[in-house]
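Colleague: this one's sequence-less:
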């Protein structure tokens, strides 16, 4: 019997053991965590996972999610999704941006990527204080798949224009 897949998302006040509580629930039902992202954002712990299992396991996890959320004191959702896919014909690249923090950076970069028909597979951002000056520094890292019809040089040129307009340091690296 083929596996089914669910996307599990959870968020709640950060505390020791919360990640283990969520993963233990999935394992106890017989589910397998295939992919996940977990982070503390402010005082909240957030997680999103791709979980696989046979039909019975997936049904159990979906049915138990509301009561598990109440038990753990978090928001928890388990929704059926499709099997992971591999972007056919695309070329994987990493786009990294570092700059002084200012509103609109994520929007400007994602809008430019979207305008070229590029799929964003993964996106992470963070801000921190620069050494010595303490100025707010913003970092963004996106995993993208360039369509085979888009020349890398054109993508690089468009990112360079954006970098100049927004005063960003943008790097493009093949994976």
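Modeller: Structure's in. What do you need? These numbers were taken from a predicted model, which means no experiment stands behind them. Numbering: from 1, shown residues only.
Colleague: Next one: the closest residue in space to residue 117 that isn't next to it in sequence from residue 96, what distance?
Modeller: Using C-beta to C-beta, 6 or more residues apart in numbering and skipping residues adjacent in sequence, the residue nearest residue 117 is residue 147, 5.8 Å away. For the C-beta atoms, the positions are set from N, CA and C on the backbone; glycine is no exception. According to C-beta to C-beta, to the nearest Å, residue 147 stands 20 Å off from residue 96.
Colleague: do residue 150 as well
Modeller: 19 Å.
Colleague: Same check on residue 129?
Modeller: 19 Å.
Colleague: neighbour count winner among these two?
Modeller: Under the criterion of other C-beta atoms under 10 Å, the comparison of residue 129 against residue 96 puts residue 96 first, with 15 against 11.
Colleague: and the more buried one, what element?
Modeller: Element membership for residue 96, per DSSP states H and E: strand 91-100.
Colleague: Can you tell me what sits against the helix or strand following that strand?
Modeller: The helix or strand immediately downstream of strand 91-100 is helix 105-115, counting by DSSP H and E. The contact list for helix 105-115, computed with C-beta atoms under 8 Å, 6 or more residues apart in numbering, reads 95, 97, 99, 120, 123, 125, 138, 140, 142, 144, 158-159, 162, 166, 168, 170.
Colleague: Which members of those residues occur in strands, if any?
Modeller: Of those, the ones assigned to strands by DSSP state E are 95, 97, 99, 120, 123, 125, 138, 140, 142, 144, 170.
Colleague: which residues of the chain score low on pLDDT?
Modeller: 1, 86-88 (pLDDT under 70).
Colleague: The most far-flung residue of it relative to its centre in helix, strand or coil?
Modeller: Centroid-distance maximum for the chain: residue 132 at 30.8 Å, with C-alpha atoms, centre = their mean. Here residue 132 is coil, with the state taken from DSSP: H, G, I helix; E, B strand; the rest coil.
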